[in-house]
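Undergrad: how would this look folded up:
(one chain, ligands or ions: 1)
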Amino acid sequence: MSKEPHAKETVALVVRPRECAIGRFRLQVTAGPDRGVERVSDGAELSVGTAAGNHLVLTDGAVSRHHCAITVTDRGFLVRDLGSRNGTRVTGFRVEGAYLGPGAVLGIGKSTLRFDPLPDEIVEPLADEERYGRILGQSMAMRRLFAALPRIAASDSTVLIEGETGTGKGLLAEVIHQKSPRAQGPFVVIDCSSIPPTLIEAELFGYMRGAFTTALQSRAGAFEAAAGGTVFLDELGELPIDMQPKLLRALEERVVRRIGSLDPVKLDVRVIAATNRDLRQEVNRGTFRSDLYYRLNIVRIRLPPLRERREDIPPLVAHFYEQFARSGDPLPPAELVAAFTKQDWPGNVRELRAAVERAILMEDEALWFEATLGAAPGSEPKTAAPPSADYDEDLALGSFRAAKERAVARWERGYIETLVRQSGGNLSRAARSAHMDRNHLRELLRRHGISATEE
Ligand SMILES: Nc1ncnc2c1ncn2[C@@H]1O[C@H](COP(=O)(O)OP(=O)(O)OP(=O)(O)O)[C@@H](O)[C@H]1O
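TA: Next comes the predicted model:
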């Protein structure tokens, strides 16, 4: 007689996909000097431009080196202009970014391209685990990355990590080092954005005593100090243009020379670089050398912003709560997790960490909700107030979410413009007076096309 399963013996099985499918598509040149050329995607991104490293290389002289890229996202096929000279048009309209439907017509330079999704898919493995070293994540994007990381860590290849401020680039670089055969060696970090341009060569390559007036002792630079380990070049997009050929030469020849010395020192380092910019845009602008970009772009990892991987919020909140909680209970209250997942949490992981810490420190929970998220979850509006005089009716067109995004973007732009004006166009001063992280402010300036001086 078969035994009825007893409730206590019932095991909940969570079946999770072990692979993900990425939609494939074709891009075909239908008019222009490259008419007839086509390319079928073989990954999550297909880039177009005249530079040799693009997936679809065009000869059209009116197309930029790195013109645009199409990425497969959860929401569909997204084309993004990469800061091209003449822009990217979708059915005649110039766009910064747009989702493409079947048969969409792209105009770039003097060329016309037709986009078509294909019925087959590219299958990529997903890691079973929801962490890799100290990096947590249960989203598809992170589990896809976790599946690739063991191979990346085991190799000695140069890695380029791209992602917005606070997405975990520094942590990822450190974990790759810790999981690599160089783990016993040093991990030396050079933050290219915080070193004055005049000192960066000395920091990277070192100097001999007497090489300049303040060089009272000889000193090794980061590349020498990291022998047997890894050099992490953070915010590489900030590296002054005149330093770029020197870095390229060091990486190609695998030797460095201290300032004031002709003796070559052999390099025994792995290089990991990170940037919160898309370096292809910097190449188009002429602020980043394309040869250095290609030298670094051996393994490229894009860390998506948290808004593109919201499933990662609950494990991250739980992780930070455990780190900061003073009480014996390591689990966060359900309302706290719900507060971050229900609202459109606008920040990245660093801001999430700070908000969880603040929540734990604040005695009054309701106050915290109001200060951080605008309202307590589930709280009812006290009265049906009439629309505010500041309310702009144009903004109400379309869905609530889209209208809110437009309103916030408009407010953000106004705030940043005023801030920069009142700070005399100086980035550091503006960041200080707004109590903002410099990198975050720089990213917002870039997004709104507002310029400010660095020093
Ligand atoms: N997936 C993750 N799991 C656990 N902790 C994370 C994760 N991502 C980021 N963090 C934590 O969030 C904080 C910010 O991450 P990190 O400094 O690596 O970001 P970043 O992208 O390098 O930022 P920046 O561009 O400003 O240098 C760190 O405390 C880091 O440990």
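Undergrad: and Arg65, what does it touch?
TA: 49-51, 280, 283-284, 290 (Cβ atoms under 8 Å, 6 or more residues apart in numbering). Every C-beta, even on glycine, is put in place using the N, C-alpha and C of the backbone.
Undergrad: Val48 now?
TA: By Cβ under 8 Å, 6+ apart, the neighbours of Val48 are 27, 54-56, 58, 63, 67-70, 108, 113.
Undergrad: host element of Leu248?
TA: Element membership for Leu248 (DSSP states H and E) is helix 244-253.
Undergrad: quick revisit: let's see which of the contacts of Arg65 end up in strands.
TA: Gly49 (DSSP state E).
Undergrad: between the contacts of Arg65, which is nearest the ligand?
TA: Arg280 (17.9 Å; Cβ to the nearest ligand atom).
Undergrad: from Cys68, how far off is that closest one?
TA: For Arg280, the distance to Cys68 equals 10 Å [Cβ to Cβ, to the nearest Å].
Undergrad: Val188 too?
TA: 36 Å.
Undergrad: show me which of these two is the more surrounded one.
TA: Cys68 (27 against 20; other Cβ atoms under 10 Å).
Undergrad: if Val271 is in a bridge, with which residues?
TA: Counting by DSSP bridges, Val271 is bridged to Val231.
Undergrad: so it touches Leu236, yeah?
TA: No - using Cβ atoms under 8 Å, Val271 is not in contact with Leu236; the gap is 9.7 Å.
Undergrad: of these two, which one has the most company?
TA: Between Val271 and Leu236, counted using other Cβ under 10 Å, the more crowded position is Leu236 (29 against 23).
Undergrad: for the more buried one, which non-adjacent residue is spatially closest?
TA: Ala273 (4.3 Å; Cβ to Cβ, 6 or more residues apart in numbering).
Undergrad: just checking, the one you found is part of a helix?
TA: No - assigned with DSSP: H, G, I helix; E, B strand; the rest coil, Ala273 falls outside any helix and is strand.
Undergrad: check contacts around it.
TA: With Cβ under 8 Å, 6+ apart, Ala273 has these contacts: 158-161, 232-234, 236, 296.
Undergrad: what's the spacing between it and Leu262?
TA: Counting by Cβ to Cβ, the separation of Ala273 from Leu262 is 27 Å.
Undergrad: quick one: pLDDT of Tyr415?
TA: In this model, Tyr415 is scored at 80, pLDDT.
Undergrad: same thing with the one 10 residues further on?
TA: In this model, Gly425 is scored at 85, pLDDT.
Undergrad: so it is in contact with Thr453, correct?
TA: Yes - using Cβ under 8 Å, Gly425 is in contact with Thr453, at 5.6 Å.
Undergrad: what helix or strand is Arg421 on?
TA: Secondary structure (DSSP H and E) places Arg421 in helix 400-422.
Undergrad: which residue does the stretch 51-200 of the chain bring closest to the ligand?
TA: Closest point on the stretch 51-200 of the chain to the ligand, by Cβ to the nearest ligand atom, is Gly168, at 2.6 Å.
Undergrad: for that residue, give me its contacts.
TA: Gly168 touches 135, 303, 349, counting by Cβ under 8 Å, 6+ apart.
Undergrad: need phi/psi at Ser194.
TA: Main-chain dihedrals, Ser194, degrees, to the nearest 10: phi -110, psi 0.
Undergrad: so what's the residue nearest to the spatial centre of the chain closest to, chain neighbours aside?
TA: Geometric centre of the chain, nearest residue: Gly163, 0.9 Å, by Cα atoms, centre = their mean. Distances taken as Cβ to Cβ, 6+ apart place Leu303 nearest to Gly163, at 3.3 Å, with adjacent residues excluded.
Undergrad: out of the contacts of Ala273, which comes closest to Ile200?
TA: Leu233 (10.3 Å; Cβ to Cβ).
Undergrad: kindly indicate whether that closest one is helix, strand or coil.
TA: Relying on three-state DSSP, one would call Leu233 strand.
Undergrad: tell me who's in contact with it.
TA: Going by Cβ under 8 Å, 6+ apart, Leu233 touches 190, 192, 239, 271-274.
Undergrad: interface residues of the stretch 51-200 of the chain facing the ligand?
TA: 134-137, 163, 165-171 (Cβ under 6 Å from any ligand atom).
Undergrad: now those as a markdown table including secondary structure and pLDDT?
TA: Shown next, in a markdown table, are those (DSSP: H, G, I helix; E, B strand; the rest coil; pLDDT from 0 to 100):
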| residue | secondary structure | pLDDT |
| --- | --- | --- |
| Arg134 | coil | 96 |
| Ile135 | strand | 97 |
| Leu136 | strand | 96 |
| Gly137 | coil | 95 |
| Gly163 | coil | 94 |
| Thr165 | coil | 92 |
| Gly166 | coil | 94 |
| Thr167 | coil | 96 |
| Gly168 | coil | 96 |
| Lys169 | helix | 97 |
| Gly170 | helix | 97 |
| Leu171 | helix | 97 |
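Undergrad: out of those, who's the most crowded?
TA: Gly137 (26 neighbours).
Undergrad: what about Ile152, which SS state?
TA: Classified using three-state DSSP, Ile152 is helix.
Undergrad: for Ala250, which residues are in contact?
TA: 204-205, 223, 256, 267.
Undergrad: closest one to the ligand out of the residues you listed, please.
TA: Closest to the ligand, out of all of those and judged by Cβ to the nearest ligand atom, is Leu204, at 18.2 Å.
Undergrad: and the closest one, how far from Glu252?
TA: The value you get for Leu204 to Glu252, if Cβ to Cβ is used, is 15 Å.
Undergrad: and if you look at Ala153?
TA: Taking Cβ to Cβ, one finds Ala153 at 24 Å from Glu252.
Undergrad: correct me if wrong: the residue nearest to Gly163 contacts Leu171.
TA: No - contact criterion Cβ under 8 Å: Leu303 and Leu171 do not qualify, at 9.5 Å.
Undergrad: for this structure, which strand is longest?
TA: Assignment by DSSP E gives strand 111-125 as the longest strand of the chain.
Undergrad: list the helices and strands the following helix or strand past that one packs on?
TA: Next helix or strand after strand 111-125 toward the C-terminus (DSSP H and E): strand 131-132. Secondary-structure packing of strand 131-132 (3 or more Cβ pairs under 8 Å, 6 or more residues apart in numbering; DSSP states H and E): helix 140-154.
Undergrad: contacts for the helix it packs on, please.
TA: Counting by Cβ under 8 Å, 6+ apart, 20, 124-132, 135-137, 159, 175-176, 179-181, 299, 301, 303-304, 308-309, 311-312 sit against helix 140-154.
Undergrad: hey, which helix or strand in this structure has the poorest pLDDT?
TA: Lowest by mean pLDDT, DSSP states H and E among the helices and strands of the chain is helix 365-373, with a mean of 59.
Undergrad: the chain: helices as residue ranges?
TA: Listed in chain order, the helices of the chain (DSSP state H) span residues 140-154, 169-178, 200-205, 222-225, 244-253, 279-285, 290-296, 313-324, 334-342, 349-361, 365-373, 400-422, 427-433, 438-448.
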